[in-house]
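Enquirer: Provided below for reference: sequence and predicted model.
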Amino acid sequence: MFKQAVAAAALLAALTSAQAAAPLELILDAPGAQAVGFEVVPSLEGADYSFGTLVGNAGAHVTYTYLGASTPAWNFFAASDRVLTNLANAGAPGSDIGSSIAETVTETSVLDFGFGQAGPLGEVEAVNGQIGAPFAIFGNGTDPIQTRYGSFRYVLGFDDGADSVDYNDLVIGVSAVPEPGTVTLMLAGFAACLFILRRQRKR
């Protein structure tokens, strides 16, 4: 009985480990500092941020959620040919806080997103994967970041180059879940463990 219980626990641990490694990875480029005046997400006031690149693993379902901005300037976030923006521009309305963009990663790669600000073409200027891009990354990928609009694996803060360097000029929450097949495998593991334990109780 003991050996079977250990085997069941080992199977569950392996499946849990595989699931936990699935959605996103952060490749660090450089350490940052601590957020000051980060009223867009009060829970991050004084929190450490870093600079780096977010990589999505194949099959991950990634959602980007607009959390707000603290600037009078027009800034935007672009991903999957869609845009989230803090203000109306060129006849298009600004995004409501809580608006989101979702995508499914087809193959493991650097996530294709970026930030920009008003200009002749409104071009993206802070691209994920670009060294020195002016956006900060909050989070360690393990502990969820709690906000007024849900919890997120990471939070991204853009700095538009104004007088203060505070990375709150457009803030995006990033959440991700693994591919459905991975979740199914994990549920199957739970079922197998329960089956083994029930058999032991009947003996």
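Expert: Yep, that arrived.

Enquirer: the closest residue in space to Asp96 that isn't next to it in sequence bridge partners, please.
Expert: Nearest residue to Asp96, sequence neighbours excluded (CB to CB, 6 or more residues apart in numbering): Tyr66, at 7.6 Å. C-beta coordinates here come from the backbone N, C-alpha and C atoms, glycine included. For Tyr66, the beta-bridge partners are Ile172 (DSSP bridges).

Enquirer: so for the host helix or strand of Gly116, mean pLDDT?
Expert: Using DSSP states H and E, Gly116 sits in strand 113-117. Strand 113-117 shows a mean pLDDT of 94.

Enquirer: for the next helix or strand after it, packing partners?
Expert: Under the assignment DSSP H and E, the closest C-terminal helix or strand after strand 113-117 is strand 124-127. With contacts taken as 3 or more CB pairs under 8 Å, 6 or more residues apart in numbering; DSSP states H and E, strand 124-127 sits against strand 113-117.

Enquirer: dump the C-alpha coordinates for the strand it packs on into PDB.
Expert: Backbone C-alpha positions of strand 113-117 (Å, rounded to 0.1, in the frame of the first residue of the first chain) are rendered in PDB as follows:
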ATOM      1  CA  PHE A 113       3.900  42.700 -28.500                       C
ATOM      2  CA  GLY A 114       5.000  46.200 -27.900                       C
ATOM      3  CA  PHE A 115       4.200  49.700 -26.700                       C
ATOM      4  CA  GLY A 116       4.100  53.000 -28.500                       C
ATOM      5  CA  GLN A 117       3.000  56.600 -28.200                       C
END
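
Enquirer: report all helices and strands that that strand contacts.
Expert: Looks like strand 113-117 contacts strand 75-79, strand 124-127 (3+ CB pairs under 8 Å, 6+ apart).

Enquirer: quick one, it and strand 75-79 angle?
Expert: Using axes from the mean of the first three to the mean of the last three CA atoms, to 10 degrees, one finds that strand 113-117 and strand 75-79 are set 160 degrees apart in direction.

Enquirer: and strand 113-117, what's buried?
Expert: By 16 or more other CB atoms under 10 Å, the buried positions in strand 113-117 come out as 113-117.

Enquirer: quick one: the closest residue to Trp74 other than its chain neighbours and Arg153, what's the gap?
Expert: Closest residue to Trp74 apart from its sequence neighbours, by CB to CB, 6+ apart: Ala118 at 4.0 Å. Note on Ala118: its distance to Arg153, by CB to CB, to the nearest Å, is 29 Å.

Enquirer: ditto for Leu24
Expert: In terms of CB to CB, Leu24 sits 6 Å off from Arg153.

Enquirer: spell out which residues are contacts of both of the two.
Expert: Common neighbours of Leu24 and Arg153, counting by CB atoms under 8 Å, 6 or more residues apart in numbering, are 141, 174, 176.

Enquirer: what's the residue closest to the geometric middle of the protein?
Expert: In the chain, the C-alpha nearest the mean C-alpha coordinate belongs to Val174, at 2.5 Å (CA atoms, centre = their mean).

Enquirer: my guess is it contacts His61, does it?
Expert: No - counting by CB atoms under 8 Å, Val174 stays clear of His61, with 11.7 Å between them.
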